[in-house]
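A.B. asks: My questions concern the predicted model and sequence given below.
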Amino acid sequence: MSSSLNTRRQFVKNAAAGIGLLTLPNLLSADPLNPAQKKKIVCVGGHPDDPESGCGGTLAKLIIAGHDITIIYLTTGEAGIPGTSNNDAARIRKQEAINACKVLGAKPVFAGQVDGDTVVNNDTLKHLQTLIANEKPDLVFTHWPIDSHKDHQCASLLTIQTWVRAESKFTLYFFEVCAGEQTMGFHPTDFVDITDTQEIKRKSVYCHTSQDPPGIYACGHTSMEDFRGRELGVKAAEGFVRMTGKGMGGVVD
């Protein structure tokens, strides 16, 4: 019985050690001069400004730590500028996203879905799987699946299905936006101190001039950064939920 208990304890210890290699704290403490510690991170957002407002401080911090970041925008925000045609809005918001990525130091990728008309089906799943696989990520961020905006839900569900089916496993984290208004039932498992990158995040959000950046912060992001900071015991923080369990590589339709 003692041997069995020791075996279980060793299993838990080994599993925890493996998980630890992919946690946010480990990534943030990496040595940027050591190529072996450099990781690839992908963030999937529904629209331009979602990744920046949801986890821009963390993305900036990871880039400063020496990691490579790619932001995949599911749509180009076609429906996001009242009184402007979808084509013109997409052009404007795509450039805003590119500008924001320059501020953060990230690479922008656009998945080609349409704002307000996003779809979850086999074709869109395969497309996102390809985009994510091309980046070979060690860790991926995306929207919390219980979000009031259906484009956010689509981005999350497509990313979750990619995680489930991925042959090369990656750690999956969810971020929050406009807590209480859009993101619901969110209880962070991880926190990141963004005190030192809060201003970089703000500059990236303010690249989205068509989206009323002060309104984005008034939507709840100022209070979110403050509240998550209070939970962590710092000036400002972002909260995340880590996807638990193992992906099921090789799943086919």
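C.D. replies: Alright, I've got the coordinates.
A.B. asks: Next, Gln113: phi, psi?
C.D. replies: Dihedral pair for Gln113: phi -80, psi 170, per degrees, to the nearest 10.
A.B. asks: Tell me what it is bridged to.
C.D. replies: With DSSP bridges as the criterion, Gln113 is bridged to Thr75.
A.B. asks: Tell me how far the nearest residue to Gly220 once chain neighbours are set aside lies from Glu225.
C.D. replies: Residue nearest to Gly220 in three dimensions, not counting chain neighbours: Cys178, with 4.8 Å by Cβ to Cβ, 6 or more residues apart in numbering. In this view, the C-beta of every residue, glycine as well, is placed from N, C-alpha and C. From Cys178 over to Glu225 the distance is 12 Å, taken as Cβ to Cβ, to the nearest Å.
A.B. asks: what do you get for Ala237?
C.D. replies: Going from Ala237 to Glu225 by Cβ to Cβ gives 7 Å.
A.B. asks: residues shared between the contacts of those two?
C.D. replies: The contact sets of Ala237 and Glu225 overlap at Ile194 (Cβ atoms under 8 Å, 6 or more residues apart in numbering).
A.B. asks: and these two? which has more neighbours close in?
C.D. replies: Remark: of Ala237 and Glu225, Ala237 carries more neighbours, 26 against 22, as counted by other Cβ atoms under 10 Å.
A.B. asks: all strands of the stretch 1-150 of the chain, in order?
C.D. replies: For the stretch 1-150 of the chain, the strands defined by DSSP state E, counting those that start in this stretch occupy 40-45, 68-75, 107-113, 139-143.
A.B. asks: could the ones you listed go into TSV alongside mean pLDDT, mean neighbour count and distance to Cys154?
C.D. replies: Formatted as TSV, those follow (pLDDT from 0 to 100; neighbours: other Cβ atoms under 10 Å; distance: least, Cβ to Cβ, whole Å):
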stretch	mean pLDDT	mean neighbour count	distance to Cys154
strand 40-45	97	25	10
strand 68-75	98	25	7
strand 107-113	98	18	8
strand 139-143	97	27	9
